[in-house]
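Chemist: predicted model, plus sequence, below.
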Amino acid sequence: MKDDARLQAAIDLLETIAGTSRPADGTAAAFFRDRRFIGSKDRRAISMRVWGTMRHWARLTWWFREAAADTWANGERPDWDSIRPRARILTYLVLVEGMGLAGVDGLCTGEIYAPRPLNEHERAVVRFLRGKPLNHNGMPVWVRGEVPAWVATYLKDIYGDHLPTLLDALTKEAPVDLRVNTLKCDRDNAIIALAEGTDEESVEAVPGHYSPLALRLAGRANLAATNAFRGGLVEVQDEGSQLVALLAGARPGMSVVDFCAGAGGKTLALAAEMQNKGRLVACDVSQGRVDRSAERLKRAGAHNVTRRVLSSETDKWVKRSKGTYDRVLIDAPCSGTGTWRRNPDAKWRMSEEMLAELTALQARILRSAARLAKPGGRVIYATCSLLPEENERQVESFLAEQGAAYRLLSVADLWPELVNPAVPCPVSGPYLRLDPAEHDTDGFFVAVLERLETATPEAPGAEDEPQA
Ligand SMILES: C[S@@+](CC[C@H](N)C(=O)[O-])C[C@H]1O[C@@H](n2cnc3c(N)ncnc32)[C@H](O)[C@@H]1O
């Protein structure tokens, strides 16, 4: 494919992504499935431009509006959301790829498969933008940080002066982390198996920082083609996510429930910690996700898992099973703000209204699922969100209501035994709060609660139909 055709394909893909509320990665996968004639190198080049544009969305939009106000006859800034994908990608070519008018003209030729030629407005915009730096002092913090304005306000509360550094880290591409599956091998052997790679390339992986099971790929690789991956020796999982699973403290012989198990990312880690011994129930309200976990569990050799689809967080099974589990992991549905490095499109799909719905759901899930813990058992509440509303505030309000039955344990105290005695715990307080700037992981939050021995399943807070 010539670069002009790649550019048109990038514009088409961004149009498709902008035209749906579905996540960009799934939309892109379907886009390429429908165009099998696009080879893997071309796919990579097209995706790089599209993801590059999404990663710089706010700054490109800000600059395009400045350019339009300066060069268009009416002198008005177009609406933030009305700017077409073609205009955004042209802005990206100039500000991020450093092209000038001749370069853009050379791609927008109007020839077969190439984008149509620039019109007079577009030419003026390209001329205006040429040589401008991506960052400008006049940009508000949220534009520079590539998040919606309301998110920046919420994050400022907890991150204060550290906010610009955090937001900057959130704009960067995330590394690929793997978790070594101890049901099949140890970390040294996983490194050797990965190095055997594929017919075409060797895959280099280095140990992670905190988790004794973490590996980080040294570059990009076709992991799915390696025997190490196919044989279930490793799973793709951010190191922060691995720490959540380790802090659950699941051990062989325990009864453990992974309440929001999804497609099983943390279930796999729990099964490995349990060495396949004991009872592990993976539940979720999404039939599709529960179905998808089957293949992964099989590949990993995880045999002690029962999968269960719930009708809601107050499914009858929860009531029947209350007070019977040693560990209850609640990996709650959340805004996903901590994973925005991986899904830059998600930033602009999240709204304050959606956050309010999520926090209400999280409160209901925590109150219902916590009932599953037996006295002396633990409830591990986790999110991949950076927002205090989904994290500390949830745990505080739960404890304010049910503090007679649960107590908060300190992650810093649990760390040496559950995670890694050789590496100091990155936090000193009760909660684990990870972020990409300080820890080079996705953003994660973990709180570990213990159900008091004196609490019975009928104790306050163990009501059958909890209210949010
Ligand atoms: C953060 S994701 C889970 C990711 C998964 N634990 C992993 O590690 O791959 C949250 C999950 O919560 C599920 N969920 C949403 N509402 C729920 C509810 N009311 N009860 C139980 N699970 C729910 C979603 O379907 C989603 O799979």
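Modeler: That came in fine, so what should we check first? Numbers count the residues shown, from 1 in each chain.
Chemist: for the rest of this, base every contact and every neighbour count on C-alpha atoms.
Modeler: Fine.
Chemist: tell me the contacts of the most centrally placed residue in the chain?
Modeler: Central residue of the chain (CA atoms, centre = their mean): Thr339, 2.9 Å from the mean position. Thr339 is in contact with 384-385, 442-443, counting by CA atoms under 8 Å, 6 or more residues apart in numbering.
Chemist: for Gln394, same thing?
Modeler: By CA under 8 Å, 6+ apart, the neighbours of Gln394 are 359, 362-363.
Chemist: ditto for Pro344
Modeler: 51, 54-55, 171.
Chemist: could you report the pLDDT at it?
Modeler: On pLDDT, Pro344 comes in at 94.
Chemist: can you list phi and psi of it for me?
Modeler: Per-residue torsions, Pro344: phi -60, psi -30 (degrees, to the nearest 10).
Chemist: so Trp72 is in contact with His121, correct?
Modeler: Yes. Using CA atoms under 8 Å, Trp72 is in contact with His121, at 6.7 Å.
Chemist: picking up where we left off before, let's see if you can find the most crowded of the contacts of Gln394.
Modeler: With neighbours taken as other CA atoms under 10 Å, the top of those is Gln362, carrying 24 neighbours.
Chemist: helix or strand next in line after the host helix or strand of it, which one?
Modeler: Remark: Gln362 resides in helix 352-369, with elements defined by DSSP states H and E. Sequence order places strand 373-383 as the next helix or strand after helix 352-369, per DSSP H and E.
Chemist: name the surrounding residues that touch that next one.
Modeler: So strand 373-383 is contacted by 244, 247-248, 322-334, 336, 366, 370, 390-391, 444-457 (CA under 8 Å, 6+ apart).
Chemist: pull out the CA atoms of it and give them to me as CSV.
Modeler: Presented in CSV, the C-alpha positions along strand 373-383 are these (Å, rounded to 0.1, in the frame of the first residue of the first chain):
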residue,chain,number,x,y,z
ALA,A,373,-16.9,-13.3,53.0
LYS,A,374,-16.9,-15.5,56.0
PRO,A,375,-15.9,-14.1,59.4
GLY,A,376,-12.1,-13.7,59.3
GLY,A,377,-12.3,-13.7,55.5
ARG,A,378,-11.3,-10.8,53.3
VAL,A,379,-13.0,-8.5,50.8
ILE,A,380,-10.6,-7.0,48.2
TYR,A,381,-12.1,-4.0,46.5
ALA,A,382,-10.2,-2.9,43.4
THR,A,383,-10.6,-0.6,40.4
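Chemist: paired strands for that strand, with orientation please.
Modeler: strand 325-331 (parallel), strand 444-451 (antiparallel) (DSSP bridges).
Chemist: give the contact list for the residue of the stretch 1-150 of the chain found nearest the ligand.
Modeler: With CA to the nearest ligand atom as the measure, Pro23 is the residue of the stretch 1-150 of the chain nearest to the ligand, at 14.3 Å. By CA under 8 Å, 6+ apart, the contact list for Pro23 reads 17, 343, 345-346.
Chemist: what about Gly138, how many neighbours?
Modeler: The burial count for Gly138: 9, using other CA under 10 Å.
Chemist: give me phi/psi at it?
Modeler: Torsion angles, degrees, to the nearest 10, at Gly138: phi -80, psi -10.
Chemist: so how far is Arg144 from it?
Modeler: The span separating Gly138 from Arg144 equals 9 Å under the rule CA to CA, to the nearest Å.
Chemist: likewise Leu183?
Modeler: For Leu183 relative to Arg144 (CA to CA), the value is 44 Å.
Chemist: likewise His209?
Modeler: Distance from His209 to Arg144, by CA to CA: 29 Å.
Chemist: these two - which one has more neighbours?
Modeler: The residue with more neighbours, out of His209 and Arg144, is Arg144; 22 against 15, by other CA under 10 Å.
Chemist: isn't that one up against Asn135?
Modeler: Yes. With contact defined as CA under 8 Å, Arg144 counts as touching Asn135 (6.6 Å).
Chemist: quick check: neighbours shared by these two?
Modeler: Joint contacts of Arg144 and Asn135 (CA under 8 Å, 6+ apart) are Arg59.
Chemist: which residues of the stretch 51-200 of the chain lie near the ligand?
Modeler: On the criterion CA under 6 Å from any ligand atom, the ligand has no neighbours in the stretch 51-200 of the chain.
Chemist: how about the helices in the stretch 51-200 of the chain?
Modeler: Along the stretch 51-200 of the chain, the stretches classed as helices by DSSP state H, counting those that start in this stretch are 57-71, 85-95, 101-107, 120-129, 141-144, 149-159, 163-171, 187-196.
Chemist: Leu409: which of those is closest?
Modeler: helix 149-159 (21.3 Å; CA to CA).
Chemist: could you give the angle of the closest one to helix 352-369?
Modeler: Relative orientation of helix 149-159 and helix 352-369, computed by axes from the mean of the first three to the mean of the last three CA atoms, to 10 degrees: 50 degrees.
Chemist: list the contacts of helix 149-159.
Modeler: Applying CA under 8 Å, 6+ apart, the set of residues contacting helix 149-159 is 141-143, 163, 352, 386-388.
Chemist: only the buried residues of the helix holding Gln362, if you could.
Modeler: 355, 358-359, 361-369 (16 or more other CA atoms under 10 Å).
Chemist: poorly predicted segments of this structure, please.
Modeler: 455-468 (pLDDT under 70).
Chemist: per-domain residue ranges of it.
Modeler: 3-139, 143-171, 177-236, 239-451 (automatic domain parsing).
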